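In: Take a look and give me a structure for this.
(one chain, ligands or ions: 2)
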Amino acid sequence: MLRIRFHGRGGQGMKTASRILGSAGFHAGWIVQDSPVYGAERRGAPMSAFTRLAREPIRERGVIASPDLVVIADETLLADLAAQPLLGCDTRSTVLMNTRKQSAELSPLGAVSREAIFAADFTALALETTQSLASLSVALGVAAARLLGLSLSEALAGVTDELSPHLSAERQAKNVALAQVAYARAEGWPIIQERQTTDSPTLVTLVEVAFDPPTVAAPSIYAISNSPERKTGNWRQFRPVLHAELCTRCWICFVRCPEAAIALDAHDYPVVDYDQCKGCLLCVHECPTHAFTAEQEVR
Ligand code: SF4
Ligand code: SF4
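Out: Numbering: from 1, shown residues only. Ligands and ions are numbered 1, 2, ... in the order given. Down below sits the predicted model:
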């Protein structure tokens, strides 16, 4: 069995990426399974998705503890304790990472050697080809398919299965073009082999947890007005930048920001608190005069 774990942030399409890979595997004759885990469903929050491909019926369920391949859509997750994308990786694991770093700048990730890390700027590929960040799902799903040795036609079948019910013909065509570019980008990378072992993944022991009232069980969540303590600025891939000369001071961005990260200055112009701004870009999309633009973060 091949076990693939996707890590991303809400809105980056990693659930769809896992489905694209699962559908592509199905077209290649594998028995497949995929499922996501969101926690609190929130744009920008860490999430995971799991895909299994096997030649026999899959009896495992849920979280993949020992992944053959980990796909990381956002390298800031490496430092996020809520995500821990490298958990359970060993010397036989492979990492596929979306990053702006050049290959020479990459270091080993825990037990995963430098040679088992494959990286490219899939965000740039998606923006250049489809002008949509949501297409990261296609780029990473297809690159993962290539790493598992699936053919381009099988990968494209997975993309079509997952996107055709939801997208216009024009957007589908752009995503197919992106799939071809992403597949070509991953060509030359070695194909991950199924582990020739009968050992089963580490099983997580389930324990029964007694319920305490929230004041005891989650005092830091329950405490009044403590959300500013949770700095969501490190979730951000793109930052909203104000061009004040275009701003009519309508306050729409101020009202719509889900993090209350926009305040108003003494002249009623919006001011972004970048410690809290998670980069959802609602302000960019909602501003009627396009006074906010999105600029990619450099970390
Ligand atoms: S929505 Fe646009 S125009 Fe309105 S206050 Fe915000 S930046 Fe200015
Ligand atoms: S300031 Fe804009 S990008 Fe940042 S959290 Fe608020 S709406 Fe989202």
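In: switch to C-alpha atoms for all contacts and neighbour counts from now on
Out: OK.
In: domain assignment for the protein?
Out: According to automatic domain parsing, the chain comprises the domains 2-186, 230-296.
In: So what's the model's average confidence on the first one?
Out: In this case it means domain 2-186. Domain 2-186 shows a mean pLDDT of 92.
In: Equivalent analysis for the last one, please.
Out: This predicted structure assigns domain 230-296 an average pLDDT of 94.
In: gap between the two ends of that domain?
Out: 22 Å (C-alpha to C-alpha, to the nearest Å).
In: That domain close to ligand 1?
Out: Yes: shown here: domain 230-296 in contact with ligand 1 (C-alpha under 6 Å from any ligand atom) through 247-253, 270, 287-289, 291-292.
In: Spell out which parts of this structure neighbour ligand 2.
Out: 240, 257-259, 261-262, 272, 277-283.
In: Over to the residue of the stretch 101-250 of the chain found nearest ligand 2. Which of the three states is it?
Out: Relative to ligand 2, the nearest point of the stretch 101-250 of the chain is residue 240 (5.5 Å; C-alpha to the nearest ligand atom). Assigned with DSSP: H, G, I helix; E, B strand; the rest coil, residue 240 falls in the strand class.
In: how about the helices in the stretch 1-150 of the chain?
Out: 14-27, 122-130, 136-147 (DSSP state H, counting those that start in this stretch).
In: Which other helices and strands does the longest one contact?
Out: Same thing as helix 14-27. strand 2-9, strand 31-37, strand 46-54, helix 136-147, helix 152-163 (3 or more C-alpha pairs under 8 Å, 6 or more residues apart in numbering; DSSP states H and E).
In: from those, which stretch is densest packed?
Out: helix 136-147 (a mean of 30; mean count of other C-alpha atoms under 10 Å).
In: which helix in this structure runs the most residues?
Out: helix 169-186 (DSSP state H).
In: Identify all contacting residues around it.
Out: Outside helix 169-186, the residues within contact range by C-alpha atoms under 8 Å, 6 or more residues apart in numbering are 120, 122, 125-126, 129-130, 135, 138-140, 142-143, 146-147, 152, 155-156, 159-160, 163-164.
In: hang on, the earlier thing: need the helices and strands packed on helix 14-27 in a markdown table (columns: distance to residue 192).
Out: Listed next are the helices and strands packed on helix 14-27 as a markdown table, based on distance: least, C-alpha to C-alpha, whole Å:
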| stretch | distance to residue 192 |
| --- | --- |
| strand 2-9 | 9 |
| strand 31-37 | 17 |
| strand 46-54 | 12 |
| helix 136-147 | 6 |
| helix 152-163 | 16 |
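In: looking at these, which is closest to residue 23?
Out: For these, the distance to residue 23 is smallest for helix 152-163, at 4.5 Å, taking C-alpha to C-alpha.
In: For the closest one, what is the distance to the chain centroid?
Out: Distance of helix 152-163 from the chain centroid (C-alpha atoms, centre = their mean, to the nearest Å) equals 19 Å.
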